[in-house]
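Colleague: Here is a sequence with its predicted model. Questions after.
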Amino acid sequence: MPVVDISEARLYAIIDADYLGGRSPAFYAEEIVAGGADIVQVRAKGRSADEIVAMGQEILEALDGAIPLIVNDYPELVAKIGAQGVHIGQEDGEASAVRAIVGPDVLIGRSTHSLEQLMAAGEEDVDYVGFGPIYATPTKPDYQPVGTHDIGEAEYSMNLPIFCIGGIKMENIKAVSEAGARRVCVVSGILQAESPAQYCRGLKQRLLSVHP
C-alpha cells in the first residue's frame, strides 16, 4: 500500500515542460501549492532523463512536502527524483512490471481513454486512473475526446480515484463536475494563467461547489 493517500485529492495539476514559457518549474510548484492543488505531476516529453530528474528535483524542493509529486512515464526515475508516484499511459506496459520497479510504497496512476480501458485499469495494481481527454487538447492531439457523457458511469463503476483530464479549464470545470466528476486534472489553464495560484483556487472552488 502506498505511503501517500490521495483518496481525498480533488485538483491534480501538471507542470509540463512545454508550457513553462520562461518561468521556472519551482515557480509553478509554489503557486500550485498556494492555490490549493492536491497533487502535482512533472511531465517533460522528449527531454533526457537528466533533464527530467533536474526538473523533478527542482519541483520537489519547491513543494517542500506539501503535496505529492508524480513523475510522468518514467518509473525508473521516481527514486532518483524522490517522487511519491508515477503515471503511465496505455502503451507503457503492465502495471505489475511498473510496481516491480517502484516498489509497494509508490503511487501508480494509469491513463484511460474509454470505459473499457477504465474497467481494465480497475483490475490492475494501480492507485488512481486518469480518464479523458474530456475535451480536445493540444497535449493529447492523437486522442479523440471522450466527452462528458460517460463520466457519471465511470465514477459509479470504479472504486479508485478518477481524475478527469483533457481540455478542462475554468470555463468548463463546472460542466465537467455536474456531469459527475469529483476530481480533475488541469494542465494548460494553470500554466498559462497570469496567477496560477489564483487560477487553482478558482478551479477548486467551482469543483467543490458541485461536489463539496
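Modeller: Looks like it came in fine.

Colleague: surely residue 51 meets residue 57?
Modeller: No. If you go by Cβ atoms under 8 Å, residue 51 and residue 57 don't touch, sitting 11.0 Å apart. Any C-beta I mention is one placed from the backbone N, CA and C, and that applies to glycine too.

Colleague: Report the secondary structure state of residue 78.
Modeller: Classification of residue 78 into helix, strand or coil gives helix, according to DSSP: H, G, I helix; E, B strand; the rest coil.

Colleague: confidence score at it?
Modeller: Per-residue pLDDT puts residue 78 at 98.

Colleague: Residue 138 now?
Modeller: Reading off the per-residue confidence, residue 138 sits at a pLDDT of 78.

Colleague: hey, where'd the helices end up in this protein?
Modeller: 25-34, 49-63, 78-81, 95-102, 115-122, 151-157, 173-178, 188-191, 196-210 (DSSP state H).

Colleague: Out of those, flag the one nearest residue 144.
Modeller: With distances scored as Cβ to Cβ, the stretch of the helices of the chain nearest to residue 144 is helix 115-122 (12.8 Å).

Colleague: Give me the packing partners of the closest one, helices and strands only.
Modeller: Taking 3 or more Cβ pairs under 8 Å, 6 or more residues apart in numbering; DSSP states H and E as the contact definition, the neighbouring helices and strands of helix 115-122 are strand 107-112, strand 128-131, helix 151-157.

Colleague: List the buried residues for the worst-scoring helix or strand of the chain on mean pLDDT?
Modeller: Ranked by mean pLDDT, DSSP states H and E, the weakest helix or strand in the chain is helix 151-157, scoring a mean of 94. For helix 151-157, the buried set under the neighbour-count rule, 16 or more other Cβ atoms under 10 Å, comprises 151, 154-155.

Colleague: How far away from the center of its chain is that helix?
Modeller: Taking Cα atoms, centre = their mean, to the nearest Å, the mean C-alpha location of helix 151-157 is offset from the chain mean by 18 Å.

Colleague: again, but for stretch 76-83
Modeller: Centroid separation between stretch 76-83 and its chain, computed with Cα atoms, centre = their mean, is 17 Å.

Colleague: Check stretch 183-202 too.
Modeller: 13 Å.

Colleague: do the same with stretch 103-113
Modeller: When C-alpha coordinates are averaged (Cα atoms, centre = their mean), stretch 103-113 and its chain have centres 11 Å apart.

Colleague: can you check stretch 177-188 too?
Modeller: In this view, stretch 177-188 has its centroid 11 Å away from the chain centroid, taken as Cα atoms, centre = their mean.

Colleague: I'd say residue 134 and residue 167 touch.
Modeller: Yes. Counting by Cβ under 8 Å, a contact exists between residue 134 and residue 167, whose distance comes to 6.1 Å.

Colleague: Can you check which residues contact both of these two?
Modeller: With contacts defined as Cβ atoms under 8 Å, 6 or more residues apart in numbering, the residues shared by residue 134 and residue 167 are residue 145.

Colleague: quick one on the thing from earlier: helices or strands next to the least confident helix or strand of the chain in the packing?
Modeller: helix 115-122, strand 162-165.

Colleague: Check the spacing between the residue lying closest to residue 74 once chain neighbours are set aside and residue 59 real quick.
Modeller: Computed as Cβ to Cβ, 6 or more residues apart in numbering, the closest residue to residue 74 that is not its neighbour in sequence is residue 52, at 6.4 Å. Per Cβ to Cβ, to the nearest Å, residue 52 is found 11 Å from residue 59.
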